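>>> okay, structure incoming, though there's no sequence with it:
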């Protein structure tokens, strides 16, 4: 389609309720211009749409009519060198080149306006990112987030695969989401290679995914407790998170799930003894987590800090295209496990956990609701694992095809878009981690907030720097 039809169709679909899962460009080798691709997820219909069009060295920006395209178009300009004309804030998102120069941060002028810079080196053992606040007194009027310090060139490294190195690029691209990204990769390869994993393999993948969700949600709740000085929950949740990671270690020998999910199925099986061991561990973990987390939610001092801090309205979250906990905390009912069910989720009802206030409390409480749901899911499937092989063969990858894999990681929607060349090798591999959708949501959540609430708001989103930077 033409660039005008591409823009019109994309904006019309998003206005009608579709979600922009990916927007990217590929340069034509030896030619000017390139090709734009957009992946649209249409909740309620179980349909995905793929739009594409050829453009020159520039095209009319989409962001003005579709704010969810804002971050994507900045990436297109940086990676492909194709300029979205009329983009309101066109600057790199990763600063991957060696000659990017100094960053031109937005600045406010006026009496008593001051600027606060945080990072990229932080006090804690955390990833690098730079935050530039424009403040009047203690009130934040604008926050600009600068990332890219962990850019590794993963998408470029994947071209020409798959090979023995591919899974080792995929699993650690966001290390706390190993199962989520490995599952998306496996689904893409299985679609291209005509492989259908067994129900048993799908069930064990889902058990591992829910353990990953549990470990991170419980860890985040403990960290949120620490940010408001509520030490009992902080201390207990740190230990409980480790207990959940140990369950994943029992399952596959690695606490983060490395080398469990592979194309065609899984590398490790569960026997009756291991299932009983995991059930016993989970019973103790759930009891301890309930005591520690309910204690926090019943503390007036905690609620006083959580409620009303870092609010993102339903309308704004929808415009920005937020995903995962950040979206559901603003009453957006979107979860890939229900809207585009895959694997064992096709046969399991997964209610969507939402809250309406869009503040730090909502993001914390949605995590706890989802954690309780994950406990129940893992118990149910450990008690009723279907029979079947753990791994099926994968044929040669189809040539000249494009596949899209969507997975609900613990942070939200993961999207992998894979295109093959005429020999069945990767011509391109596009990855959209949920954090890519949500970083601008954090920036908006800080507007008109106290700067002292930044650590709390930041942790309530808990976005991945390396998942964004790739």
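Thanks, I have it. Keep in mind the model is a prediction, meaning the values are calculated, not measured.
>>> and the helices in the stretch 151-300 of the chain?
For the stretch 151-300 of the chain, applying DSSP state H, counting those that start in this stretch gives helices covering 154-158, 166-170, 178-193, 199-227, 231-252, 272-297, 300-306.
>>> the fifth one: which residues count as buried?
By neighbour count, and taking 16 or more other C-beta atoms under 10 Å as the criterion, the buried residues in helix 231-252 are 233-234, 236-238, 240-241, 243-248, 250-252. Yep, even glycine has a C-beta here, placed from its N, CA and C like the rest.
>>> ok, so of these, who is nearest residue 415?
In terms of C-beta to C-beta, no member of those lies closer to residue 415 than residue 248, at 23.7 Å.
>>> give the contact list for the closest one.
Neighbouring residues of residue 248 by C-beta atoms under 8 Å, 6 or more residues apart in numbering: 208, 211-212, 215, 254-257.
>>> if we use 10 Å, what do you get?
178-179, 207-208, 211-212, 214-215, 254-258, 260, 278 (C-beta atoms under 10 Å, 6 or more residues apart in numbering).
>>> out of these, who's the most crowded?
Greatest neighbour count in the contacts of residue 248, by other C-beta atoms under 10 Å, goes to residue 214: 30 neighbours.
>>> wait, that one sits on residue 245?
Yes - counting by C-beta atoms under 10 Å, residue 214 does reach residue 245; the two are 9.4 Å apart.
>>> which non-adjacent residue is nearest residue 368?
Closest residue to residue 368 apart from its sequence neighbours, by C-beta to C-beta, 6 or more residues apart in numbering: residue 293 at 5.6 Å.
>>> what's the closest of the helices of the stretch 151-300 of the chain to residue 414?
helix 178-193 (5.0 Å).
>>> taking helix 199-227 as reference, get the angle to that closest one.
Orientation of helix 178-193 against helix 199-227 (axes from the mean of the first three to the mean of the last three C-alpha atoms, to 10 degrees) gives an angle of 150 degrees.
>>> when you give positions from now on, start the count at 402
Right, with 402 as the first residue, what we last looked at is helix 579-594.
>>> which residues of this protein score low on pLDDT?
498-504 (pLDDT under 70).
>>> residue farthest from the centroid of it?
For the chain, the residue at maximal distance from the C-alpha centroid (C-alpha atoms, centre = their mean) is residue 512, at 39.6 Å.
>>> apart from its neighbours in sequence, what residue is nearest residue 721?
Nearest to residue 721 is residue 842, by C-beta to C-beta, 6+ apart, at 5.3 Å.
>>> beta partners for residue 423?
With DSSP bridges applied, residue 423 shows beta-bridge pairing to residue 440.
>>> that one contacts residue 816, doesn't it?
Yes - look at residue 423 against residue 816 with C-beta under 10 Å: they come within range, at 5.0 Å.
>>> which residues do the two both contact?
Common neighbours of residue 423 and residue 816 (criterion: C-beta under 10 Å, 6+ apart): 440, 442, 805, 807, 831-833, 837.
>>> if you rank these by neighbours, which is first?
Neighbour-wise, those (other C-beta under 10 Å) top out at residue 833, 27 neighbours.
>>> quick check: the closest residue to it other than its chain neighbours vs residue 511, distance?
Once flanking residues are discounted, residue 833 sits nearest to residue 816: 4.2 Å by C-beta to C-beta, 6+ apart. As judged by C-beta to C-beta, to the nearest Å, residue 816 and residue 511 stand 41 Å apart.
>>> shouldn't the residue nearest to residue 721 be within a helix?
Yes - Residue 842: assigned to a helix according to DSSP: H, G, I helix; E, B strand; the rest coil.
>>> now residue 759, nearest residue through space, not along the chain?
Nearest residue to residue 759 in three dimensions, chain neighbours excluded: residue 731, at 3.8 Å (C-beta to C-beta, 6+ apart).
>>> what's the distance between the one you found and residue 403?
Distance, residue 731 to residue 403, by C-beta to C-beta: 35 Å.
>>> cool, residue 789 as well?
Shown here: residue 789 relative to residue 403, a distance of 48 Å by C-beta to C-beta.
>>> same check, this time on residue 748
Residue 748 sits 42 Å away from residue 403 when distances are taken as C-beta to C-beta.
>>> spatially nearest residue to residue 871 (excluding sequence neighbours)?
residue 555 (4.7 Å).
>>> scratch that, residue 867 is what I was asking about
Nearest to residue 867 is residue 551, by C-beta to C-beta, 6+ apart, at 4.5 Å.
>>> the one you found: what secondary structure?
What three-state DSSP gives for residue 551 is coil.
>>> now residue 817
Here residue 817 is strand, with the state taken from three-state DSSP.
>>> ok, now the one 3 residues further on?
Three-state call for residue 820 (three-state DSSP): strand.
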